[in-house]
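Visitor: The amino acid sequence is not available; the structure is as follows:
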Ligand code: MEV
């Protein structure tokens, strides 16, 4: 079945509009379980779509986009550029798109990719022809290019597919089927450095010390592949261990901060099997902790004033 005729599901499907002139579509956010940054250099990365994301609603009208949450001037400009790129690529009839989010924005949870996927789906629905994941990916990639420059593609691929995947920039992406539930606590450690900045900083260090960084990226890619095996065999303690090692390497590459590390330690103290930053890192942003049973940790963190939620991959 093409996506154009699919119903929306919590894992990121889309739905036909309520009337001929109205189209509503969803793009889920994502978490990177293992392998951010190394993904940019072609290493495999284990990432999963989450139960929160972005909804785009398109109605016939003058071509425009508006976001319900407040955005910085820079984010607002990027949104306008990205929308213009998608409209041009989609060749859909003119629509006015309004976007809303139940995902923390700009925190490493793939909000720009979720937005790109939701808007791509809404535009394709407005076009009125059947479409599938490849068409969504093409439009979402055009938008992500405006948001991030040269992203690896893991964020919008994970969002468009709406599942847990082992993604590789140059290679085929494969779905990873979990033998046991993979339950994560997502906790926000504070405001974050833009992805472009952390990616650029790392690129400089890698240019200066290419052999060492190639070794580290390859090791992270190996951790991601081992993580996919741990998920497939239901070995959650192994997955937790791999996440901890990945966080250590991200720290070593200057992608963590005191508040991220404090959040990672807090998640471990609350009983996580493993914890790490997720996404681009930098000053703050989202951290994840793998839990057999996350409810108590979410309750405790919430009581401590931490913005957090539970998700299952
Ligand atoms: C951002 O979610 C993930 C990074 O690896 C960047 C990318 O893959 O494009 C930091």
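Guide: Nice, thanks for sending it over. Remember, predicted model here, so these are calculated numbers, not experimental data. Numbers count the residues shown, from 1 in each chain.
Visitor: Phi first, then psi, for residue 35.
Guide: Dihedral angles of residue 35 (phi, psi; degrees, to the nearest 10) stand at phi 120, psi 10.
Visitor: can you tell me how far residue 246 sits from residue 45?
Guide: According to Cβ to Cβ, to the nearest Å, residue 246 and residue 45 sit 10 Å apart. Quick note: C-beta positions are derived from backbone N, CA and C, even for glycine.
Visitor: Repeat that for residue 307.
Guide: Applying Cβ to Cβ to residue 307 and residue 45 gives a distance of 25 Å.
Visitor: distance of the nearest residue to residue 243 once chain neighbours are set aside from the ligand?
Guide: Closest residue to residue 243 in three dimensions, ignoring its sequence neighbours and counting by Cβ to Cβ, 6 or more residues apart in numbering: residue 274, at 3.4 Å. In this structure, residue 274 and the ligand are separated by 19 Å, where distance is defined by Cβ to the nearest ligand atom, to the nearest Å.
Visitor: Identify the contacts common to residue 246 and residue 45.
Guide: 34-35, 224 (Cβ atoms under 8 Å, 6 or more residues apart in numbering).
Visitor: How about the residues of the stretch 201-313 of the chain by the ligand?
Guide: Proximity of the stretch 201-313 of the chain to the ligand is confined to 279-280 under the rule Cβ under 6 Å from any ligand atom.
Visitor: could you pull out the helices for the stretch 201-313 of the chain?
Guide: Chain-ordered helices for the stretch 201-313 of the chain, with DSSP state H, counting those that start in this stretch as the definition, fall at 210-233, 236-252, 258-269, 295-303.
Visitor: Please spell out which residues along the second one are buried.
Guide: Applying a neighbour-count criterion of 16 or more other Cβ atoms under 10 Å, the buried positions in helix 236-252 are 236, 238-247, 249-251.
Visitor: Quick one: distance of it to the chain centre.
Guide: Taking the mean C-alpha point of helix 236-252 and that of its whole chain, the gap between them comes to 19 Å (Cα atoms, centre = their mean, to the nearest Å).
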